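**Student:** pasted the sequence and its predicted model underneath.
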Amino acid sequence: MKSEDTKVDTIYVRQKNKLTKKEWYWILYDVGNSAFTMVACSLFALYFQLLCDDYGISTTLGDSYWAYATATVTVIAVLLGPLVGALSDMKGFRKPIFMTFTILGVLGCVALGLPMYYILWLVIYVVTKVVYSGALMIYDSMLGDTTSDDKMDKVSSYGYALGYIGSVIPFIIGVAIVALGFGDTMEESLGVKTGYIIAFAINALWWLVFSIPLFRTYKQKNFVPKHKHVIGDSYKRIFQTFKLARKNYAGVFLFLIAFFFYIDSVYSIIDLAIKIAGSLGDGTLDSSQALIVLIVVQFIAFPSAIAISKLSKKFNTEVMIGVCIIGYLFITVFAVFISAMWMFWFMAVCIGLFQGGIQSLSRSYFSQIIPRQKSGELFGLYDVFGKGASFLGAFLFGVINSATGSANLGLIPLSILVFIGFIFFILAVRYNRRHAAEIAEFRKELPENKKENNLDYMY
């Protein structure tokens, strides 16, 4: 029988680990914006091909245009990300910028369902993806304002995990309308534009509704003072932060380099999922089957993200990130040799197993190794390195696919980049472990009332 003290300790631990309303509201935004992620990598691609068909653009050329548009999104996000991050660090700026970007993204999602010239559609797509990326970058930086260090892995993983399940609900409704609502057969219905308009509107509304709790309750705790010359000072701080990241934040910088390389496979596969699905191997995977595969991946990713989060408590975050990187190295190598349907399904299951874990743990690990008052600025760099990798993967895929006509060969660069990322990740972990020991030693010298934010003092 447990002693009374043991019971009290158990109750205390349970209460401490219980998620607060503020943490749940942060997680709910992941549930909302993940709906856009699903549509962006699937139905948008199918709808764009319909527009291309209207103007006699071949599937291969359409695939390359899609890859180039994805790369363009990345370039713009890379240029604007640090500025947006620096601005969001200033007192009173983070929430208004976040809300503006989210609302613009929602409106863009609806607009993309309207019939138009395919080039104009790509322009609106690029703008919508850019503001979506900006909102997501600021949202990631809000994690430090929302929860404590010991719960970051859990909150971040729950965000991704519930995001996978949450995104499936409006996605399935949208797919059902697109695939079954306007034709005698599924393939015939997929060629009717009306269903896409309804599906995009449903997903946009879902994103908006689940954003409202965070809109209403978020308060910025960590910030820097406002500047007179906001934009000019922000750009100055961008370069200062980059220089400091190389000198004073060596462990952070090493991790960013690692992240740049290994996250490439994740973002590139997400962005190009539908486009490469029908081109790999014998090309027998049609659009309807590819959509089903995406849904299956989400259902696998949900429990996997939570399981990896729990395992990170036992084996630590760095080990589990390493496992996920190795998993993606296997996936990218395997994808090059896909030649049959069962191989694509096997790859999809593997993606589901590692996708949520590598994204959520990378986000929470980064939040733990940076000073809180610079979270927006440093998450701007985090976004730059992540989006930079996405640009490289999408661009190389487009070039190789255009030159060879083989999606399998277009995926070869991803394997190389993931391997390089794994090497840099090992270097980052070694440095950060040494730095953590220095912090622990430094904390011993601090008065009790200053120990909580010891990372800020160290930097």
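**Tutor:** Everything's here; your move.
**Student:** shaky segments in the stretch 351-459 of the chain?
**Tutor:** Within the stretch 351-459 of the chain, the ranges that satisfy pLDDT under 70 run 372-377, 380, 387-391, 435-459.
**Student:** same check, this time on the stretch 101-250 of the chain
**Tutor:** Along the stretch 101-250 of the chain, the parts satisfying pLDDT under 70 run over 227-238, 241-248.
**Student:** and with 80 instead?
**Tutor:** For the stretch 101-250 of the chain, residues meeting the criterion pLDDT under 80 lie at 144, 149-150, 153, 160, 164, 183-187, 190, 222-250.
**Student:** contact partners of stretch 306-315?
**Tutor:** The contact list for stretch 306-315, computed with CB atoms under 8 Å, 6 or more residues apart in numbering, reads 153-154, 156-158, 161, 319-320, 323-324, 356-357, 360-361. C-beta: built from backbone N, CA, C; applies to glycine.
**Student:** among those, which one sits closest to Pro96?
**Tutor:** Taking CB to CB as the measure, Pro96 lies nearest Ser156 of the contacts of stretch 306-315, at 24.0 Å.
**Student:** so which helix or strand takes in the closest one?
**Tutor:** Here Ser156 sits within helix 152-180, counting by DSSP states H and E.
**Student:** report the buried residues of that helix.
**Tutor:** The neighbour-count check on helix 152-180 (16 or more other CB atoms under 10 Å) flags 152-168, 170-171, 174-175, 177-179 as buried.
**Student:** which residues in the stretch 201-350 of the chain form helices?
**Tutor:** Remark: helices assigned in the stretch 201-350 of the chain by DSSP state H, counting those that start in this stretch are 212-217, 230-247, 250-277, 287-315, 317-336, 341-369.
**Student:** out of the ones you listed, flag the one nearest Leu83.
**Tutor:** helix 230-247 (5.3 Å).
**Student:** ok now do Phe171, which residues does it touch?
**Tutor:** By CB under 8 Å, 6+ apart, the contact set of Phe171 is 35, 38-39, 42, 203, 294-295, 298.
**Student:** before we move on, what about Ile331?
**Tutor:** 265, 269, 347, 350-351, 354.
**Student:** how close does it sit to Leu411?
**Tutor:** 10 Å (CB to CB, to the nearest Å).
**Student:** how about Leu51?
**Tutor:** Computed as CB to CB, the Leu51 to Leu411 distance reads 26 Å.
**Student:** between these two, which has more neighbouring residues?
**Tutor:** Leu411 (28 against 19; other CB atoms under 10 Å).
**Student:** excluding covalently adjacent residues, which one is nearest to that one?
**Tutor:** Spatial nearest neighbour of Leu411, chain neighbours left out: Ala335 (4.8 Å); criterion: CB to CB, 6 or more residues apart in numbering.
**Student:** show me what contacts that neighbour?
**Tutor:** By CB under 8 Å, 6+ apart, the residues touching Ala335 are 280, 347, 408, 411, 414.
**Student:** same thing but at 10 Å, please
**Tutor:** Counting by CB atoms under 10 Å, 6 or more residues apart in numbering, Ala335 touches 265, 269, 276, 280-281, 343-344, 347, 350-351, 407-408, 410-412, 414-415.
**Student:** one step back: list the contacts of the helix or strand that comes right after the helix holding Ser156.
**Tutor:** Later in the chain than helix 152-180, the nearest helix or strand by DSSP H and E is helix 186-189. Contacts to helix 186-189, defined as CB under 10 Å, 6+ apart, come from residues 175-183, 195, 286-289, 291.
**Student:** got the buried residues for helix 186-189?
**Tutor:** Residues 186, 189 are the ones in helix 186-189 that count as buried (16+ other CB under 10 Å).
**Student:** and if you look at stretch 335-349?
**Tutor:** Within stretch 335-349, the residues that count as buried by 16+ other CB under 10 Å are 335-336, 338, 343-344, 347-348.
**Student:** and the helices of the stretch 201-350 of the chain, which is most packed in?
**Tutor:** Stretch with highest mean neighbour count among the helices of the stretch 201-350 of the chain: helix 250-277 (a mean of 24; mean count of other CB atoms under 10 Å).
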